[in-house]
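**Q** model this:
(one chain, ligands or ions: 2)
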Amino acid sequence: MKNFSLAEPQTIEQVKAFLSERREKSFLLAGGTDILGEIKDEIIDPEIMVDLKSIPNLSYIRKEKDGVRIGALTSLAELAENPLIENDFPGLHEAAKSVATPQLRNMGTVGGNLCQKPRCWYYRDPQVKCRKKGGSRCFALGGRNKYHAIFGGGPCYIVHPSDLAPALISLDAKISIAAPKGEKTIPLADFYVLPRVNVRQENVLGSDEFVREITVPPVKRGEKSTYYKLKERGAWDFALLSAAVKGVVSGGIFSDIRIVLGGVAPVPWRLEKAENMIKGKAATEELLRQAAQETLKEARALKDNGYKKDLLEVVLSRATLMLV
Ligand SMILES: Cc1cc2nc3c(=O)[nH]c(=O)nc-3n(C[C@H](O)[C@H](O)[C@H](O)COP(=O)(O)OP(=O)(O)OC[C@H]3O[C@@H](n4cnc5c(N)ncnc54)[C@H](O)[C@@H]3O)c2cc1C
Ligand code: SF4
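**A** Residues are numbered from 1 along each chain as shown. Ligands and ions are numbered 1, 2, ... in the order given. Alright, predicted model coming up:
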């Protein structure tokens, strides 16, 4: 591991200045649970690490008129244990609780979770220069691809690793980005980009921008949310497949439903067709099976990940029926 210097900005303005200084070689550091692994494995070699933890007041969860605001430096443990989140957004609460281990939730932050890099084993291997690292091939395509994408893949087939992102997108959350020309706020759903748009980067953040805050709009009357995650191991693990669902079920009928999957695509994957199929209909397993089959018409499994198509029906049905 090469030496790097640690910048400890005290203000948001100073972060932007540090990031602008040596664009390719400056990296943001939050809890460090992901990026320090990248440095140790020599996937990146920073000259400056800009420590966001040195800025005061970026860790908070507070209820305001337009919803609940969550500071980017809020730890995953604080999010998982917050009674307001547990009460108003059970889907987000479940998602936060399901991330990694207690130690990692204590260190890891909300902003870091949303911006973490993919877990593709070829990407994490310092010997391999694949498309995502500026090479000319995706090694997963003809190689080992058990955990890779069945939707939205090409030219890279990563799956988006964050549990929080599908849950927050199902809740219609917005993300506030500190940028040199001021702050901008966009739907979290528009934050992520497919590899066919930009194979090197998973989101729209500029090299001199960072995530400052997430806002989750207030719960509407009768609205519930759930998160269901299937893992390969009983202990901590990333999602093989997960579903975040938000909606209203009234008199056994689905209305205003939103479904976002994790573990199946390079970005959190919204199921708009399935949502339209089930809206206004009685909540039954048969209806959800049909919605899953319709969704799967667009799936493109690779050599080792066809099992995800079978899991999709199970996860969609269990997560959605938990609303009833
Ligand atoms: C063993 C293990 C198991 C895991 N299991 C899960 C799991 O089950 N589910 C899951 O969702 N995650 C899982 N993770 C990932 C973990 O949740 C992330 O490592 C963690 O959330 C990252 O947060 P951090 O604050 O430590 O980020 P850091 O490691 O500090 O940063 C991660 C990335 O985000 C960037 N970044 C950080 N903060 C910001 C910001 N405010 N604005 C812009 N960019 C920023 C950094 O530059 C870096 O690229 C696991 C990780 C490990 C090591
Ligand atoms: S899936 Fe993406 S990260 Fe993995 S080898 Fe292919 S290009 Fe690289």
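**Q** in the helix or strand of the chain with the lowest mean pLDDT, what counts as buried?
**A** In the chain, no helix or strand scores lower on mean pLDDT, DSSP states H and E than helix 12-21, which sits at a mean of 86. Buried residues in helix 12-21, defined by neighbour count with 16 or more other CB atoms under 10 Å: 15-16, 18-19. Heads up, the C-betas are built off the backbone N, CA and C, glycines and all.
**Q** just the closest of those to Gly222, please.
**A** Val15 (41.0 Å; CB to CB).
**Q** residues in contact with the closest one?
**A** 9, 28, 50, 52, 55, 178, 210 (CB atoms under 8 Å, 6 or more residues apart in numbering).
**Q** same question, Trp121
**A** By CB under 8 Å, 6+ apart, the residues touching Trp121 are Arg144.
**Q** how much space between it and Gly143?
**A** 9 Å (CB to CB, to the nearest Å).
**Q** give me the buried positions along stretch 42-50.
**A** 43, 46, 48-50.
**Q** okay, those in CSV with distance to ligand 1 and secondary structure next?
**A** Shown next, in CSV, are the buried residues of stretch 42-50 (distance: CB to the nearest ligand atom, whole Å; DSSP: H, G, I helix; E, B strand; the rest coil):
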residue, distance to ligand 1, secondary structure
Ile43, 10, coil
Pro46, 9, coil
Ile48, 12, strand
Met49, 9, strand
Val50, 8, strand
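**Q** show me the two of those that sit farthest apart.
**A** It's Ile43 and Val50 that sit farthest apart of the buried residues of stretch 42-50, by CB to CB, at 18.0 Å.
**Q** in the stretch 51-200 of the chain, which residue sits nearest ligand 1?
**A** Here the stretch 51-200 of the chain gets closest to ligand 1 at one residue, Gly112, 2.1 Å apart by CB to the nearest ligand atom.
**Q** contacts only, for that residue.
**A** Gly112 neighbours (CB under 8 Å, 6+ apart): 30-31, 33-35.
**Q** ok, back up a step: export the buried residues of helix 12-21 as TSV, with columns for distance to Gly152.
**A** Converted to TSV, the buried residues of helix 12-21 look like this (distance: CB to CB, whole Å):
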residue	distance to Gly152
Val15	31
Lys16	32
Phe18	34
Leu19	29
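**Q** what's stretch 217-224 in contact with?
**A** 66-68, 88-90, 171-174, 246-250, 256, 323.
**Q** and if you look at stretch 297-308?
**A** So stretch 297-308 is contacted by 140-141, 144-151, 153, 157, 240-241, 263-264, 309, 312 (CB under 8 Å, 6+ apart).
**Q** from these, keep the buried residues only.
**A** 140-141, 145, 147-151, 153, 157, 240-241, 263-264, 309, 312.
**Q** pLDDT on stretch 72-80, on average?
**A** Summarised as a single mean, pLDDT over stretch 72-80 is 98.
**Q** pull that stretch out as CSV, backbone CA atoms only.
**A** Output of stretch 72-80 as CSV, limited to C-alpha atoms (Å, rounded to 0.1, in the frame of the first residue of the first chain):
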residue,chain,number,x,y,z
ALA,A,72,-24.6,11.3,4.7
LEU,A,73,-22.3,10.6,7.7
THR,A,74,-25.0,8.9,9.8
SER,A,75,-23.9,5.4,10.6
LEU,A,76,-25.8,2.4,9.4
ALA,A,77,-26.2,1.3,13.1
GLU,A,78,-27.8,4.7,14.0
LEU,A,79,-30.2,4.3,11.0
ALA,A,80,-31.1,0.7,11.9
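**Q** how about that stretch: buried residues?
**A** Result for stretch 72-80 [16+ other CB under 10 Å]: buried residues 72-80.
**Q** hang on, the earlier thing: let me know the closest of the contacts of Gly112 to Ala291.
**A** Once CB to CB is applied, the member of these that ends up nearest Ala291 is Asp34, at 33.7 Å.
**Q** on that earlier part again, restrict the buried ones among the contacts of stretch 297-308 to those near ligand 2?
**A** Applying CB under 6 Å from any ligand atom to the buried ones among the contacts of stretch 297-308, one finds that 140, 148, 157 fall near ligand 2.
**Q** which one of those residues sits closest to Val199?
**A** When those are compared against Val199 (criterion: CB to CB), the nearest one is Tyr157, at 10.7 Å.
**Q** so that closest one: helix, strand or coil?
**A** With DSSP: H, G, I helix; E, B strand; the rest coil as the basis, Tyr157 sits in coil.
**Q** coming back round to it: most widely separated two among the buried residues of helix 12-21?
**A** Spatial extent of the buried residues of helix 12-21 (CB to CB) is set by the pair Lys16 and Phe18 at 7.5 Å.
**Q** right, and Gly91 touches Ser242 too?
**A** No. If you go by CB atoms under 8 Å, Gly91 and Ser242 don't touch, sitting 10.5 Å apart.
**Q** which residues do these two both contact?
**A** Tyr227.
**Q** surely Ile158 touches Cys120?
**A** Yes. Contact criterion CB under 8 Å: Ile158 and Cys120 qualify, at 4.9 Å.
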